[in-house]
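> Sharing a model prediction with you, sequence too.
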Amino acid sequence: MAVVSPRKRVWGWFWFDWASQPYHTVLLTFIYGPFFATVAAAYFMTIGLDETLADARAQTVWSTCLTITGLIIGFGGPILGALADTSGRRRPWIWAFSALYIIGAAALWYTDPAGGNMWAMLIAFGVGFIGAEFALIFINAQLPGLVEDEAVGKTSGSGFAFGYLGGIIALIITLLFLAEGSNGTTLIGLPPVFGLVDGEMREGTRFVGPFVALWFAVFMVPYFLWVREGHIPKRRHSFSAAMSLLGNSIKSLGRRKSLAAFLGSSMFYRDALNGLYGFGGVYATLVLDWNITLIGIFGIVSAIAAAALSWVGGRFDSRLGPKPVITGSIIGLILVIVTIVFMDRQSFYGIPLAEGSIVPDIVMFTCGVIIGGFGGVLQAASRSLMVKHTDPATATESFGLYGLSGRATAFMAPALIGLFTTITGSARLGVSPLIALFLLGLVLLVWVKPNGER
């Protein structure tokens with residue numbers, strides 16, 4: 001077998017971000033998520049709800065899906081990480097979860113635009129999303145042994161930037177050739193490719209699921225070719241040993257104050273960030289009445305900002321350290337949510353707007369730049385700070401705990417959004433709990449050591 005150079009190995013690791021990002025960019029946030037929201041809202045209107053309540057119910061249904069998948073990811077991640085560390089191998093797990101990603105994404109083709117199989121499609125989406133998130137735990141765990149310590153911040157930021165670039169290109173392709181607007185044509189005024197011309201059945205938009213599955217399958221090839229684990233002695237998976245390892249790691253948090261504070265902080269702010277990603281496009285659909293095409297353009301702008309600022313943020317991370325980068329990103333995202341809560345088609349921060357005003361659209365695009373840019377920076381810097389708290393010998397289990405901190409309460413943001421949406425009957429006010437989650441994360445960050453614990 002040919003020897004893979006360290007540079008090529010790093011690039012192979014980058015290709016996972018490129019391959020997997022469209023599940024978040026195309027499916028979760030900008031194309032399928034908003035499409036599902038319109039399907040669900042239309043279904044609830046057919047059973048007698050008015051438009052406002054139907055929109056709120058649709059957002060609640062979507063939040064239920066993200067809540068359940070968040071619980072599975074949060075509590076399953078550390079166990080799987082510990083199992084992987086007891087055997088010493090990660091690639092078989094990545095293969096398995098890659099298969100879930102592909103199956104879940106491809107199944108979205110069968111979405112009924114009338115909402116007849118709404119719950120089945122939520123299950124399919126959840127299967128693919130679980131596959132993407134579990135695979136990411138094992139990919140992140142490879143970072144400590146991938147480069148020298150001083151290059152971790154730059155490498156993490158570059159990986160996210162490369163991934164967002166892949167998300168941008170995938171999103172552009174779906175807008176130009178697949179996702180159709182209300183007139184049955186794509187962004188460039190042509191019918192969807194591959195003969196997907198039944199606009200009433202939304203064939204072009206539904207095909208984004210199989211497209212994302214194919215994208216992942218093709219672009220994971222460089223990863224599997226170039227990122228090798230080296231010689232690992234064969235060891236059997238031991239559930240008892242894994243649970244012992246996980247238990248010891250959790251107990252150690254009592255004497256590792258910085259790590260405990262960081263995991264607690266990231267638990268709240270990453271939950272809030274995932275809430276923004278999961279409901280940004282849905283908000284634009286239900287509150288601002290944007291169509292899929294406009295949301296897609298919004299997604300491109302956001303993803304470009306994410307790619308550019310993730311790369312820049314990685315440089316600041318290497319120079320200043322990840323903690324100040326994380327702090328600045330959280331503050332910027334809090335300001336965005338406050339703006340979103342105080343804006344709709346009729347007013348902006350209580351100031352009445354003329355009918356047909358484009359102010360909400362301009363403001364939302366600006367918010368999209370900040371969400372995409374600061375969100376990418378926040379994720380990359382968080383991964384970097386976790387490396388500073390990680391023992392390379394138990395990296396997968398450590399990143400399983402990191403996954404737990406980001407997902408153990410992943411039900412919280414969608415559940416709170418669902419609860420506030422139900423109570424207020426407003427999709428706009430429903431996102432307000434994210435402000436509190438970001439603030440909690442910011443407060444706990446005070447006790448985190450900038451250089452971590454090794």
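Perfect, thanks for sending it.
> quick check, residue 106 in a strand?
No. Residue 106 is assigned helix when assessed by DSSP: H, G, I helix; E, B strand; the rest coil, not a strand.
> Just give the nearest non-adjacent residue to residue 15, would you?
residue 222 (4.2 Å; C-beta to C-beta, 6 or more residues apart in numbering). The C-beta positions use only the backbone N, C-alpha and C, and glycine is treated the same way.
> tell me the contacts of that neighbour?
Neighbour list for residue 222: 11, 12, 15 [criterion: C-beta atoms under 8 Å, 6 or more residues apart in numbering].
> Quick one: residues contacting the first one.
Residues touching residue 11, when contacts are defined by C-beta under 8 Å, 6+ apart, comprise 222, 226.
> neighbours of residue 298, just the number please.
Neighbours of residue 298 under the rule other C-beta atoms under 10 Å: 27.
> which residue sits closest to it, ignoring its sequence neighbours?
The nearest residue in space to residue 298 (C-beta to C-beta, 6+ apart) is residue 368, at 5.1 Å.
> what mean pLDDT does the host helix or strand of that neighbour have?
Element membership for residue 368, per DSSP states H and E: helix 359-387. Mean pLDDT, computed over helix 359-387, is 85.
> tell me the contacts of the nearest residue to residue 121 once chain neighbours are set aside?
Distances taken as C-beta to C-beta, 6+ apart put residue 111 closest to residue 121, at 4.7 Å, once the chain neighbours are dropped. Neighbouring residues of residue 111 by C-beta under 8 Å, 6+ apart: 35, 36, 39, 117, 121, 202, 206, 209.
> Return the distance of the fourth one relative to residue 123.
It stands for residue 117. Taking C-beta to C-beta, to the nearest Å as the measure, residue 117 falls 10 Å from residue 123.
> Tell me the helix or strand right after the helix or strand encompassing residue 331.
In the assignment (DSSP H and E), residue 331 maps to helix 322-341. The first helix or strand that comes after helix 322-341 along the chain, using DSSP H and E, is strand 347-348.
> right, and the helix or strand after that next one?
Past strand 347-348, the next helix or strand by DSSP H and E is strand 351-352.
> who does that following strand pair up with?
strand 347-348 (antiparallel) (DSSP bridges).
> how far does the partner strand sit from the chain's center?
29 Å (C-alpha atoms, centre = their mean, to the nearest Å).
> One more: stretch 106-115?
Centre to centre, stretch against its chain (C-alpha atoms, centre = their mean), the figure for stretch 106-115 is 21 Å.
> and it, C-alpha only, in CSV?
Provided in CSV are the C-alpha atoms of stretch 106-115 (Å, rounded to 0.1, in the frame of the first residue of the first chain):
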residue,chain,number,x,y,z
ALA,A,106,-32.0,9.3,-0.4
ALA,A,107,-35.3,8.4,1.2
LEU,A,108,-36.5,12.0,1.2
TRP,A,109,-37.4,11.6,-2.4
TYR,A,110,-40.6,9.9,-1.3
THR,A,111,-41.9,12.9,0.6
ASP,A,112,-45.6,13.4,-0.3
PRO,A,113,-46.2,17.2,-1.0
ALA,A,114,-49.7,16.7,0.4
GLY,A,115,-48.3,15.7,3.8
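> Quick check: buried residues in it?
106, 107, 108, 109, 111, 113, 115 (16 or more other C-beta atoms under 10 Å).
> and stretch 19-27, what's its mean pLDDT?
Mean predicted confidence for stretch 19-27 is 93.
> Now intersect the contacts of residue 111 with the strands, please.
In strands, judged by DSSP state E, none of the contacts of residue 111 are found.
> low-scoring stretches of the stretch 201-350 of the chain, by residue?
229-239, 241-243, 245-246, 249, 252-253 (pLDDT under 70).
> What segments of it are helices?
All helices of the stretch 201-350 of the chain, identified by DSSP state H, counting those that start in this stretch, fall at 203-206, 208-219, 221-226, 239-252, 257-286, 292-320, 322-341.
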